[in-house]
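**Student:** need coordinates for the below:
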Amino acid sequence: DDDDNNNCDPSDTLDQSYESQDVTLAGVSMKVRQFAYHSHNANQVWPGTFDLADYLMAKDHDGTFIHDWGYILELGSATGLLGIRLAMSSSRYANESTQTVCTDLVTSDVQDEYGDVEKNINYNFVSNGFGSSPGDQPIHVPHTWGTGWKMCASKVELPEESQHFDTIVASDILLYVSAYPALVASLKEIMHNSHPHCRFIMSWKRRMKESDEFF
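**Tutor:** This next block holds a predicted model:
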C-alpha cells in the first residue's frame, strides 16, 4: 500500500536493481555491475560480447595482438565491459610495457532519461581500476540512433577531429527491428565523418530471422 511504499528504504531498491559479477573477457578477470532491467536492454553483458572481444584481441603464437584497430567507437556499450577491456590495452590508457590493440576509444549507448547507462559504465570503469575524473576514462557519448550523432557528440564536447574513427564495433545490438533504420542512419553519419578505411565489426549472437532486414 501507499504507507509501505513511503517507508521503503532507497538502498533496498538499489540492491534489487543491480547485480555485480566477476567475469573473464579476453583472458582478463573483470568486475561488472549489471542492471536487473533497462527499457532499452542496455543493462547486461550479452553473449556476443565475449566472441567479439576474442576476435578483436586475438593473439599470434608469440603472444602479440594480431590486429591494431586504431581509434575505436563502440556502439551499444551497455555495461561498458568491452570498452573497458579495450581501454586496458589501448595506447592511451595502458602501461608503457603493455602491448596495445588500439590507440583510443569512445563508448556510446542510448540517451536514457536519467543517464543510468552512462552512470553504470562510469561505475564499471572505476571498478576495474580507472579513475573517475575527466580524462581518466574514454569519452562516453549518449546517443539514441537516428537523432544526429554530431549533435550528441557536441554535447559532451567531443571535438570534430576526434570523431574520425578507424573501427566501429558493436555486439548483439539487433534486438528491435523497428530501430534498424535509425541504426543505419547513425552508422552512415558516423562513417561519413570517419576515415575512408573505417570498418564496422559486429557480433550477432542473439539471432532472429527478422535481422535479415538489417543486412
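**Student:** ok so residue 74 is a strand residue?
**Tutor:** Yes - checked against DSSP: H, G, I helix; E, B strand; the rest coil, residue 74 lies within a strand.
**Student:** for it, give its distance to residue 64.
**Tutor:** Residue 74 sits 23 Å away from residue 64, going by CB to CB, to the nearest Å. To be clear about C-beta, it is placed using only N, CA and C from the backbone, and glycine gets the same treatment.
**Student:** more crowded one of the two?
**Tutor:** When residue 74 and residue 64 are compared for neighbours, residue 74 comes out ahead with 24 against 9, by other CB atoms under 10 Å.
**Student:** next, the contact list for residue 181, please.
**Tutor:** Residues counted as contacts of residue 181 (CB atoms under 8 Å, 6 or more residues apart in numbering) are residue 146.
**Student:** do a quick rundown of the helices in the chain.
**Tutor:** Ranges of helices within the chain are 2-6, 10-17, 48-56, 81-88, 116-127, 149-155, 180-192, based on DSSP state H.
**Student:** turn the ones you listed into TSV, including distance to residue 135.
**Tutor:** Shown next, in TSV, are the helices of the chain (distance: least, CB to CB, whole Å):
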stretch	distance to residue 135
helix 2-6	41
helix 10-17	28
helix 48-56	24
helix 81-88	12
helix 116-127	12
helix 149-155	17
helix 180-192	23
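**Student:** which one of those lies closest to residue 164?
**Tutor:** Of all the helices of the chain, it is helix 180-192 that lies closest to residue 164, at 9.9 Å by CB to CB.
**Student:** may I see the helices of the chain organised as a markdown table, with mean pLDDT added?
**Tutor:** Formatted as a markdown table, these follow (pLDDT from 0 to 100):
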| stretch | mean pLDDT |
| --- | --- |
| helix 2-6 | 44 |
| helix 10-17 | 45 |
| helix 48-56 | 95 |
| helix 81-88 | 97 |
| helix 116-127 | 94 |
| helix 149-155 | 96 |
| helix 180-192 | 96 |
